[in-house]
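Enquirer: task: produce atomic coordinates for the following.
(2 chains)
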Amino acid sequence: MDDKDAAHLQELRRGTVVLASLLVLRTPGYGYALLDQLERAGFEVGGDTLYPLLRRLESQGLLESEWNTDEARPRKFYRTSPEGVALAARLAADWDRLTASLHDLRGDLA
Amino acid sequence: MTASLTDRYVHAVARSLPESRRDDVERELRATIADDIDARVDAGSSPSDAERDALTSLGDPAALVAGYLDRPLHLIGPAYYLTWVRLLRLLLVIVLPIATAGVVVGQVIAGTPPGGIVGSAIGIAITLAVHLAFWTAFVFWLIERTAQRSAQRAAMPTWTLDQLPTPPVKGVPSLGEAITVASFVALAIAAIVGQQFVSNFTDAAGAPIPVLRPELWSWALPLVIAILVAEVGHAFWLVAARRWTLAHVVVNIVLAAASATLMVFLITGPGFYNPEWFAALERVAPSGATPVLDIVNLITVLTVVGVGLWDVVDGAWKWFRGRSA
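Expert: The predicted structure is shown next:
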């Protein structure tokens, strides 16, 4: 994959991390675990992008957070707020619509 | 005890964050880095390699801080870039020539030698361009980073259809052409006036020897200046009318004929250039068989008549073509 491909792929994937994070965090989770989960699910995202993103979504009221100090290592747990769940539903619906449109456009192309 | 790499990394991030968020981000970052290190150690790395890899994957702390602060990593972003470019272009086109011409006129009047004038004109133009670019960029940089985003965005001029450039109509001088004519005329007038007071040759009494015959100030030189000013008026009249009319052609012919007739009359009759200046020149740099004054007279006549003819034909042709179109 050359640089041009990589740039276009990055452009295409921009925004998918927000949707994926909102969906995953319907079950409370912390930063590193989310990063790990997204990577395994095939979302290429770095901590330098994801951690600030979580803060941003939190300040927008799409995520709620709580410090969990039960374990030896205190962790900040995020959970998708009702508002975040609603946004995720709208984004996912749009994604489905795009998938259908792309399928039509693509035609015979493999 | 020396600070660990993690301590240094977390410090690099935390110090740039506002007090209110520093502790929270720092705590989370430490936990996250520790989680990453653990995962890498579990996968078989040595603890020190794991720490290095974990921090390296987080990247430049400054970029992370920019992410936390939601701060742009550019001077002027797409929201303002085009506005800035338009403003800068406008300033460069308007301010730069005027200021540079002003400096040149000032230096001519002050009697700076030509080399010095060109040098300082170039210097001023470059300095001014750098200042214009820097200060406008600085203001837009401030706008990019301060105040409420949405509020400013609303205050920025949005692009409208009115900003579309008018395609140049063939044969109709643009405002730019008229301004160019005006600039040249201003320089010429400054030179005509300036040469009376500033010269590279002085007479026995120490007074400057003008290049043009001083007697001509009684009538011919004011007439030359009047014709030059009339040329400027003609250029702006054309811009206003947006096309060549028969009246433009007639006035153009009158102006060209007047300047050519005047110059030919002066040079073949009483003289346009000051013989004393050329005599002084002969003393410094003796000429060959043909006196320099004769050569300069010939060149002047040819130039004035040639330019006048070309100007008349050009104007008439544009009028003719515009009429048939």
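Enquirer: give me the phi and psi for residue B:16.
Expert: Residue B:16 adopts backbone torsions of phi -90, psi 0, taken as degrees, to the nearest 10.
Enquirer: er, residue B:202 actually
Expert: When quoted as degrees, to the nearest 10, the phi and psi of residue B:202 stand at phi -120, psi 150.
Enquirer: that one: neighbour count?
Expert: 11 (other Cβ atoms under 10 Å in any protein chain shown). Where C-beta positions appear, they are placed from N, C-alpha and C, glycine not excepted.
Enquirer: in contact with it, which residues?
Expert: B:208, B:209 (Cβ atoms under 8 Å, 6 or more residues apart in numbering or on different chains).
Enquirer: separation between it and residue B:109?
Expert: Distance from residue B:202 to residue B:109, counting by Cβ to Cβ, to the nearest Å: 17 Å.
Enquirer: before we move on, what about residue A:67?
Expert: When Cβ to Cβ is the yardstick, residue A:67 and residue B:109 sit 76 Å from each other.
Enquirer: what's the answer for residue B:222, then?
Expert: Look at residue B:222 and residue B:109: by Cβ to Cβ, they are 18 Å apart.
Enquirer: now residue B:122
Expert: From residue B:122 across to residue B:109, the span is 19 Å (Cβ to Cβ).
Enquirer: and chain A, which of its residues are near chain B?
Expert: With Cβ under 8 Å from any Cβ of the partner chain as the criterion, chain A meets chain B at residues A:30-33, A:36, A:46-49, A:51-53, A:55-56, A:67, A:73-76.
Enquirer: 7 Å instead, please
Expert: Within chain A, the positions near chain B by Cβ under 7 Å from any Cβ of the partner chain are A:31-32, A:46-49, A:51-52, A:55-56, A:73-76.
Enquirer: same for the helix or strand hosting residue B:96, what does it pack against?
Expert: Secondary structure from DSSP states H and E places residue B:96 in helix B:78-110. In terms of contacts (3 or more Cβ pairs under 7 Å, 6 or more residues apart in numbering or on different chains; DSSP states H and E), helix B:78-110 is packed against helix B:114-145, helix B:175-197.
Enquirer: got TSV for those, with mean pLDDT, distance to residue B:211 and mean neighbour count too?
Expert: Formatted as TSV, the helices and strands packed on helix B:78-110 follow (pLDDT from 0 to 100; distance: least, Cβ to Cβ, whole Å; neighbours: other Cβ atoms under 10 Å in any protein chain shown):
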stretch	mean pLDDT	distance to residue B:211	mean neighbour count
helix B:114-145	86	13	14
helix B:175-197	86	5	16
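Enquirer: residue A:64 reaches residue A:79, doesn't it?
Expert: Yes: counting by Cβ atoms under 7 Å, residue A:64 touches residue A:79, with 5.2 Å between them.
Enquirer: what residue in chain A comes nearest to chain B?
Expert: Nearest to chain B, among the residues of chain A, is residue A:52, at 3.0 Å (Cβ to the nearest Cβ).
Enquirer: so which bits of the helix or strand harbouring that residue are buried?
Expert: In this structure, residue A:52 sits in helix A:47-59 according to DSSP H and E. Of all the residues in helix A:47-59, those buried under the rule 16 or more other Cβ atoms under 10 Å in any protein chain shown are A:47, A:48, A:49, A:50, A:51, A:52, A:53, A:54, A:55, A:57, A:58.
Enquirer: over to stretch A:6-21?
Expert: Across stretch A:6-21, burial judged by 16+ other Cβ under 10 Å covers A:17, A:18, A:19, A:20, A:21.
Enquirer: ok, so of the residues you listed, who is nearest residue B:259?
Expert: Closest approach to residue B:259 among the buried residues of stretch A:6-21 (Cβ to Cβ): residue A:18, at 72.5 Å.
Enquirer: need the contact list for residue B:111.
Expert: Neighbour list for residue B:111: residue B:198 [criterion: Cβ atoms under 7 Å, 6 or more residues apart in numbering or on different chains].
Enquirer: ok, back up a step: want to try a markdown table for the residues of chain A next to chain B, with pLDDT as columns?
Expert: Listed next are the residues of chain A next to chain B as a markdown table, based on pLDDT from 0 to 100:
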| residue | pLDDT |
| --- | --- |
| A:31 | 91 |
| A:32 | 92 |
| A:46 | 86 |
| A:47 | 88 |
| A:48 | 88 |
| A:49 | 88 |
| A:51 | 92 |
| A:52 | 92 |
| A:55 | 92 |
| A:56 | 91 |
| A:73 | 88 |
| A:74 | 89 |
| A:75 | 92 |
| A:76 | 93 |
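Enquirer: about what we covered before: so which pair among the buried residues of helix A:47-59 is furthest apart in space?
Expert: Set against one another by Cβ to Cβ, the buried residues of helix A:47-59 have their most distant pair in A:48 and A:58, with a gap of 17.2 Å.
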